[in-house]
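**Q** Got a sequence here, can you build the structure:
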Amino acid sequence: MLNDRSTSTYWIYGSTDKNIWSGPGVGFDTYRSSDLRTWEGPFEAFRPPAGFWSDGMYWAPEVHEYQGRWFMFATFTGPDDHRGTQVLVAHTPEGPFAPWSDGAVTPRTWQCLDGTLFVDEAGDPWLIYCQEWTQIHDGAIWAQRLTSDLRESAGAPVLLFNASHAP
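**A** Numbering: from 1, shown residues only. Sure, this is the predicted structure:
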């Protein structure tokens, strides 16, 4: 959920696919509310453009305001079963969101999901995400520095902890 304090509006985002685990990906929709009781929508927040690298399994959209724009971090899966977090951008929290990064910003050979933006005390952006337990058997939470424009990863991922180490 996103709270746009500048307009006193709440936004929720979600997948549109009837079966998120198979079939073509449709995109993400959003709903808005001023009181968290009454919701308007759905509004089309993202629909993949022609030639988009992922054809299905779209989930976990999360939106953040950063440097005067709205960025969506979402999980996508490609036809080769590569799963990663891609960054999308829009001028408003309603969208429409368009691809910003060139594919996923998570490591290409890893199965990653559920990315979220974290901006550290120095103002540097990071992506926090999960590496799938299905790939490494003990899922891991990683931090990946991003470029200041959020288009690419910068440097090596930093392991925060494995699932078995979480309290």
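**Q** is it true that F52 lies in a strand?
**A** No - using DSSP: H, G, I helix; E, B strand; the rest coil, the assignment for F52 is coil, not a strand.
**Q** If we ignore the residues flanking it in sequence, what's nearest it?
**A** P99 (7.0 Å; CB to CB, 6 or more residues apart in numbering). Placement of C-beta: from N, CA and C, glycine included.
**Q** Name the residues linked to the one you found by a beta bridge.
**A** When assigned by DSSP bridges, P99 has beta-bridge partners L88.
**Q** how many neighbours does it have?
**A** 18 (other CB atoms under 10 Å).
**Q** same deal with the one 5 residues further on?
**A** Other residues lying near A104 total 26 when counted by other CB under 10 Å.
**Q** Find me whatever residue is spatially closest to it, sequence neighbours aside.
**A** G84 (2.6 Å).
**Q** For Q67, see how far away the one you found is.
**A** 23 Å (CB to CB, to the nearest Å).
**Q** again, but for D55
**A** Taking CB to CB, one finds D55 at 31 Å from Q67.
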